[in-house]
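Asker: Kindly return the folded structure for what I paste below:
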Amino acid sequence: MELVLAGNQIQLNDQGYLTDFSQWTKEVGEAIAQQEGIALTDAHWKVIHYLQDQHKQDIPLSIRKIGKSNVVSIKEFYDLFPTGPLKISSKIAGIPKPASCI
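Answerer: Numbers count the residues shown, from 1 in each chain. Sure thing, here's the model as predicted:
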């Protein structure tokens, strides 16, 4: 599916995740966050950059791993992304839905 976000035409899969990470920009991330009802703070951006870094290194993601990363605690992760922390943060970060997410 094609969608125009933040003035950029991007490709999304049927679950709303970017199909091409190279299409991600900060503005695209902000637009996705807005659609999810999240106003991004510095803490959100720290998580997003961590997720993107892990994705670029092909490191599988899990909520537990993020809690152990010292980026945020698991409680903070749920506070930042209350409707599904790993699913929503991955979507905003422009990376595929992690295998650990249902």
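Asker: now stretch 41-53: mean pLDDT?
Answerer: The average pLDDT within stretch 41-53 is 96.
Asker: which residues touch that stretch?
Answerer: For stretch 41-53, contacts defined as C-beta atoms under 8 Å, 6 or more residues apart in numbering pick out 21, 24, 29, 33, 38, 40, 61, 66, 69, 71-72, 76-77, 80-81, 89-90, 92-95. The C-beta positions use only the backbone N, C-alpha and C, and glycine is treated the same way.
Asker: That one: how far from the chain's middle?
Answerer: Using C-alpha atoms, centre = their mean, to the nearest Å, the mean C-alpha position of stretch 41-53 is found 8 Å from that of the whole chain.
Asker: That one: which residues count as buried?
Answerer: Of the residues in stretch 41-53, 44, 47-48, 50-52 count as buried by neighbour count, 16 or more other C-beta atoms under 10 Å.
Asker: Check stretch 70-89 too.
Answerer: Neighbour counts over stretch 70-89 (16+ other C-beta under 10 Å) mark 71-72, 77, 80-81, 85-89 as buried.
Asker: Next step: the residues you listed restricted to strands.
Answerer: Counting by DSSP state E, no part of the buried residues of stretch 70-89 is found in strands.
Asker: and the helix or strand of the chain at the bottom of the mean pLDDT ranking, which residues are buried?
Answerer: Of all helical and strand segments in the chain, the minimum by mean pLDDT, DSSP states H and E falls on strand 2-5, at a mean of 76. By neighbour count with 16+ other C-beta under 10 Å, strand 2-5 contains the buried residues Leu5.
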